[in-house]
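1. give me the fold of what follows.
(one chain, ligands or ions: 1)
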Amino acid sequence: MDLENVHIEFTTAAEYAQLAAELHKQCFDSPWGEASFRSALTIPGTIAQFLSKNEIPVGFALYRQMQEEAEVLTFCVLPKLRRGGIGRQLLDTGIEYFRQARVRAIFLEVNAANNSAIELYKNSGFIQIGRRKGYYSGGNGRQDALILKLSCADSIQPKNNEKTD
Ligand SMILES: CC(C)(COP(=O)(O)OP(=O)(O)OC[C@H]1O[C@@H](n2cnc3c(N)ncnc32)[C@H](O)[C@@H]1OP(=O)(O)O)[C@@H](O)C(=O)NCCC(=O)NCCS
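-> Predicted structure coming up:
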């Protein structure tokens, strides 16, 4: 993707719930509504990430950080802009955000049939640590969820004023 005119923003403000819901609606068959995002953003540790191209929001993620762990709650790129590197940029800047926040591991659940997302996550270093049988229900019956984990600890750099020995 042309990286020019790309802006990435992290926010905890509940006023972004409407924008989050608008993006989600374009990306998922069963989207979360504005009230769900508003409610999620009132929970401490919940962080929304927006990627805008030419000032138009085209990618979105929602995370929750609990001390040294974080979870990807939802993650998406507008359909017409997929396969252009936006998802990778969104994810990699999200991972970097949590590394800077001293997070040791990031977890997520993904539908076992969602090959594009699984490829994206695995290419960024996530590994499968579990499977929930029949976790999702959809048009094709029940589908498994894969539980993925990214360990950030190995690459966390000490802060300038921290001793390493
Ligand atoms: C998953 C999703 C975020 C990927 O976004 P994207 O902008 O298309 O991803 P990118 O173009 O940055 O691709 C990054 C990598 O993801 C993988 N990938 C993305 N789309 C893929 C596809 N259709 N098939 C296989 N791999 C795919 C590839 O590994 C790709 O790397 P490559 O281009 O070097 O092959 C996007 O398809 C999406 O929003 N899907 C619907 C919502 C969703 O499923 N979210 C995840 C819920 S857990």
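
2. hmm, residue 14 is touching residue 42, no?
-> Yes: if you go by C-beta atoms under 8 Å, residue 14 and residue 42 touch, sitting 5.9 Å apart. For the C-beta atoms, the positions are set from N, CA and C on the backbone; glycine is no exception.

3. which of the two has more neighbours?
-> Here residue 14 and residue 42 are compared on neighbour count by other C-beta atoms under 10 Å; more neighbours surround residue 14, at 17 against 11.

4. just the element for residue 121, please.
-> According to DSSP states H and E, residue 121 maps onto helix 115-123.

5. and that helix, what other elements does it pack with?
-> If you count contacts as 3 or more C-beta pairs under 8 Å, 6 or more residues apart in numbering; DSSP states H and E, helix 115-123 packs onto helix 86-100, strand 105-111, strand 141-151.

6. per-residue confidence averaged over stretch 136-144?
-> On average, the pLDDT along stretch 136-144 is 86.

7. anything in that stretch near the ligand?
-> No: on the criterion C-beta under 6 Å from any ligand atom, stretch 136-144 is out of touch with the ligand, staying 10.4 Å away.

8. now do the buried residues in that stretch.
-> Neighbour counts over stretch 136-144 (16 or more other C-beta atoms under 10 Å) mark 136, 143 as buried.

9. grab the CA positions of it and hand them over as CSV.
-> Output of stretch 136-144 as CSV, limited to C-alpha atoms (Å, rounded to 0.1, in the frame of the first residue of the first chain):
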residue,chain,number,x,y,z
TYR,A,136,-19.0,-19.6,16.5
SER,A,137,-22.5,-20.1,15.0
GLY,A,138,-23.1,-19.0,11.4
GLY,A,139,-24.6,-20.0,8.1
ASN,A,140,-22.5,-23.2,7.9
GLY,A,141,-23.4,-24.4,11.4
ARG,A,142,-21.0,-24.1,14.3
GLN,A,143,-17.4,-23.4,13.7
ASP,A,144,-14.3,-23.6,15.9
